[in-house]
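[1] show me how the following folds:
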Amino acid sequence: MERKGQRPLLDRWGTLQAREARLAWMLTSPTALIVFGLIIFPVVFSVWISFHDVTLRNLNDVFHAPYVGWKNYRNVVNDFAFKFQGVHQWGAAVTSVVYTFVATALTVLLGLVAALLLNRPFRGRGATRAIFLFPYIAPIVSVAFVWRWILDPRPSGVLNDLLMRMGLIDLPKAYLATRGLALVLVIIFTAWRYFPFAMLMILARLQAVDRVMYEAAAVDGANAWHKFRHITLPELRYVLGAIFLLRLIWTFNKFDDIYLLTGGGFGTNVLPVLTYQFSFRALNFGKGAATAMILLAILSVFMLVYTRTVMRGSE
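    Prediction:
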């Protein structure tokens, strides 16, 4: 005998709530399968590969690859391309940190300056905003090859030709093949390419700031610097923090910018490029997967900082 208020199983199966739940599962299943196939499974598989000896020899039978434990991770950490070798040989780990933090800071700074300029009314402001967005919306392949053409080491290179015509240099220089200078140019390229993103976010917040505060400050005798320091910066605090951490995460994980400009050579090798080199040049997929897991661990720290500072502070 059924308990009072308890419906039989078949009755519950045919209720409106049960039908809505089945419909929800039917609608979300394709997306869930795509996410699992393109994101979750590759991540889990990469973790598995990082603990096994997977090379070109056994790639056709990868699930029977020998288990090597932490050997791949030790090989990555002890590799000369990864670890710090000295002042003139940083390694991919140190280069990644320097490149990421300097490029991100410069990106946010350029975005802040551009947003402050475009926040003022002037003729042609809309067209100027569109021009400023060009580096961000243009395809990475096209802008990277334009920069390589400008910095071409031959006399026909745009920069070499201009400097030689002006008498500033006697012989053409290989800018992207000079250690130190190549990293500076890659950082400048990254800041130039992604500052429009920071500009848009900062500009949106600037236009929401109450103008009454600036008028009151002007009445009290505050100059432009005082307004910027005591009104603008406090209002932009959370936006700047969010942009910096987001760009930090994305820049640390960037592969195409550096690979298209220098291929990771001449002191510009970073962890994403090193992962590619281990996997598809040395054909040591276990070592490449271990490098990717180290990269994932560092990115997880950045994400933890982002969620505990920016996301919690904006609540």
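[2] report the distance from stretch 116-127 to the chain centre.
    Computed by CA atoms, centre = their mean, to the nearest Å, the chain-centroid distance of stretch 116-127 equals 28 Å.
[3] quick one: contacts for V270?
    92, 95-96, 99, 254, 258, 264 (CB atoms under 8 Å, 6 or more residues apart in numbering). C-beta: built from backbone N, CA, C; applies to glycine.
[4] out of those residues, grab the one that's most surrounded.
    Most neighbours among those, by other CB atoms under 10 Å: A92, with 28 neighbours.
[5] what's around the residue nearest to that one when sequence neighbours are not counted, how many residues?
    Excluding the flanking residues, the one nearest A92 by CB to CB, 6 or more residues apart in numbering is L274, at 4.3 Å. L274 has 26 neighbours, counted by other CB under 10 Å.
[6] who's in contact with the host helix or strand of L274?
    Using DSSP states H and E, L274 sits in helix 271-276. Helix 271-276 is contacted by residues 81-82, 92-93, 96, 252-255, 258-259, 263-264, 288, 291-292, 294-295, 298 when judged by CB under 8 Å, 6+ apart.
[7] what's the offset of that helix from the middle of its chain?
    Distance of helix 271-276 from the chain centroid (CA atoms, centre = their mean) equals 14 Å.
[8] helices or strands up against the following helix or strand past it?
    The C-terminal neighbour of helix 271-276 among helices and strands, as given by DSSP H and E, is helix 285-306. Judged by 3 or more CB pairs under 8 Å, 6 or more residues apart in numbering; DSSP states H and E, helix 285-306 is in contact with helix 41-50, helix 71-78, helix 237-252, helix 271-276.
[9] output those helices in a markdown table, with distance to V184 and mean pLDDT appended to each entry.
    Converted to a markdown table, the helices and strands packed on helix 285-306 look like this (distance: least, CB to CB, whole Å; pLDDT from 0 to 100):
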| stretch | distance to V184 | mean pLDDT |
| --- | --- | --- |
| helix 41-50 | 33 | 90 |
| helix 71-78 | 27 | 92 |
| helix 237-252 | 15 | 89 |
| helix 271-276 | 17 | 92 |
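[10] out of those, which one sits most buried?
    Of the helices and strands packed on helix 285-306, the one with the most neighbours on average (mean count of other CB atoms under 10 Å) is helix 271-276, at a mean of 23.
[11] what strand or helix carries the nearest residue to W250 once chain neighbours are set aside?
    The shortest distance from W250 to any non-neighbouring residue, by CB to CB, 6+ apart, is to Y194 (7.9 Å). Y194 belongs to helix 181-206 when assigned by DSSP H and E.
[12] after that helix, which helix or strand is next?
    Heading C-terminal from helix 181-206, the first helix or strand you meet, by DSSP H and E, is helix 211-219.
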